[in-house]
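Chemist: With the input below, show me the fold.
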Amino acid sequence: MVNPDWRLLEDCGGLIEEIAIALPPHLLDGGDMTDGEILGALQNLAASFHADMRLILLTEERSRAKAERCMASAGMKAAVEIISVPNGDMHPTAFWIQDSFHVRYCGQERRLDHARSENAGRHAEWFGSRLGVPTGIFDLHLAGGNQLVGPDFRLVGFRSIELSALAANDSDACGLIRDIDPRPLHVFGFRASDLSAASLPHRRSAPHQTGFHIDMSVSLTGKQREGQPIIVVADPLSPTHPDTAQVVNAKR
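Modeler: Next up is the predicted model:
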């Protein structure tokens, strides 16, 4: 049954007042070039926050001092609160913070619900304990990055429905995902017949989701045109291999 009292936090709307970033130790230790690039991107993002915003920074206890220096060197204007978790508790993929939990609200109250995902973590538990926010569990494979929540609709990548059906051993995984929020659910994916069969790496009659998570290629605007929501869809490019089946199908 749908509980209309609790609703998922929208991925569009007013100004952002509070945001969280997770910094696993390996990013702060500078193990390789990729770690440095990710950390640099997060520093640039944090430096762009306005002074009236609040940043909640999640890191392990042993990395707290490094995290403080990292944000200080970024020239932060926003207020920063650091939440330390026990050493060894953060997986290297913990910086994909959106994937492991969902935020729901009811009036001025909010709650954090853990979900299964490719980048699972204990973020809901850590934040809930520190912020005094109740937590729960969605026994579904629903990465936050594979769901976009609009004012009056939701988009969920088809892969989450496939994986949720396996996790819950329930063929009506779409119904289970639909029940966590009253807004109409729309599935992001395609069928093989929608594309040129000659360009497909293999033929599939069942729906399929191209790409990893939909937040890598789709954004919501919160705006409408002629009564329909406007979304922004990225144009996949590959300077070195523009004609590969993966790129061609992603464009279609």
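Chemist: Which strands and helices lie in contact with the host helix or strand of Met71?
Modeler: Assigned by DSSP states H and E, Met71 belongs to helix 64-73. The elements that helix 64-73 packs onto, with contact taken as 3 or more Cβ pairs under 8 Å, 6 or more residues apart in numbering; DSSP states H and E, are helix 25-29, helix 33-47, strand 54-60, strand 79-85. C-beta: built from backbone N, CA, C; applies to glycine.
Chemist: Rebuild those as a markdown table, extending it with distance to Asp99 and mean neighbour count.
Modeler: Below are the helices and strands packed on helix 64-73 laid out as a markdown table (distance: least, Cβ to Cβ, whole Å; neighbours: other Cβ atoms under 10 Å):
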| stretch | distance to Asp99 | mean neighbour count |
| --- | --- | --- |
| helix 25-29 | 16 | 20 |
| helix 33-47 | 15 | 14 |
| strand 54-60 | 14 | 20 |
| strand 79-85 | 17 | 17 |
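Chemist: Nearest to Arg104 among these would be which one?
Modeler: Arg104 lies closest, by Cβ to Cβ, to one member of the helices and strands packed on helix 64-73: strand 54-60, at 17.5 Å.
Chemist: Packing partners of that closest one?
Modeler: The helices and strands touching strand 54-60, judged by 3+ Cβ pairs under 8 Å, 6+ apart, are strand 18-22, helix 25-29, helix 64-73, strand 79-85, helix 123-131.
Chemist: out of the helices and strands packed on helix 64-73, nearest to Gln228?
Modeler: Closest among the helices and strands packed on helix 64-73, once you apply Cβ to Cβ, is helix 33-47, at 30.7 Å.
Chemist: can you list contacts of that closest one?
Modeler: 21, 23, 26-30, 55, 70-71, 73-78, 95 (Cβ atoms under 8 Å, 6 or more residues apart in numbering).
Chemist: Which entries within these meet the buried criterion?
Modeler: Neighbour-count burial (16 or more other Cβ atoms under 10 Å) applied to the contacts of helix 33-47 gives 21, 23, 26-28, 55, 70-71, 74, 76, 78, 95.
Chemist: Quick check: the two most widely separated of these?
Modeler: Greatest spatial distance among the buried ones among the contacts of helix 33-47 (Cβ to Cβ): His26 and Ala78, at 24.5 Å.
Chemist: returning to that earlier point: need the helices and strands packed on strand 54-60 in CSV (columns: distance to Ala173 and mean pLDDT).
Modeler: CSV is the format used below for the helices and strands packed on strand 54-60 (distance: least, Cβ to Cβ, whole Å; pLDDT from 0 to 100):
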stretch, distance to Ala173, mean pLDDT
strand 18-22, 28, 93
helix 25-29, 34, 90
helix 64-73, 38, 92
strand 79-85, 31, 93
helix 123-131, 21, 92
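Chemist: Next, format these as CSV and append distance to Ala167.
Modeler: Listed next are the helices and strands packed on strand 54-60 as CSV, based on distance: least, Cβ to Cβ, whole Å:
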stretch, distance to Ala167
strand 18-22, 23
helix 25-29, 28
helix 64-73, 33
strand 79-85, 25
helix 123-131, 17
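Chemist: Of the ones you listed, which is nearest Pro229?
Modeler: Closest among the helices and strands packed on strand 54-60, using Cβ to Cβ: strand 18-22, at 23.4 Å.
Chemist: Poorly predicted segments of this structure, please.
Modeler: 1-4, 192-206 (pLDDT under 70).
Chemist: what about Gly222, how many neighbours?
Modeler: By other Cβ atoms under 10 Å, the residues close to Gly222 number 14.
Chemist: Wait, a strand at it?
Modeler: Yes - under DSSP: H, G, I helix; E, B strand; the rest coil, Gly222 falls within a strand.
Chemist: Report the central residue of the chain.
Modeler: Gly145 (2.7 Å; Cα atoms, centre = their mean).
Chemist: so what's that one closest to, chain neighbours aside?
Modeler: Excluding the flanking residues, the one nearest Gly145 by Cβ to Cβ, 6 or more residues apart in numbering is His213, at 3.7 Å.
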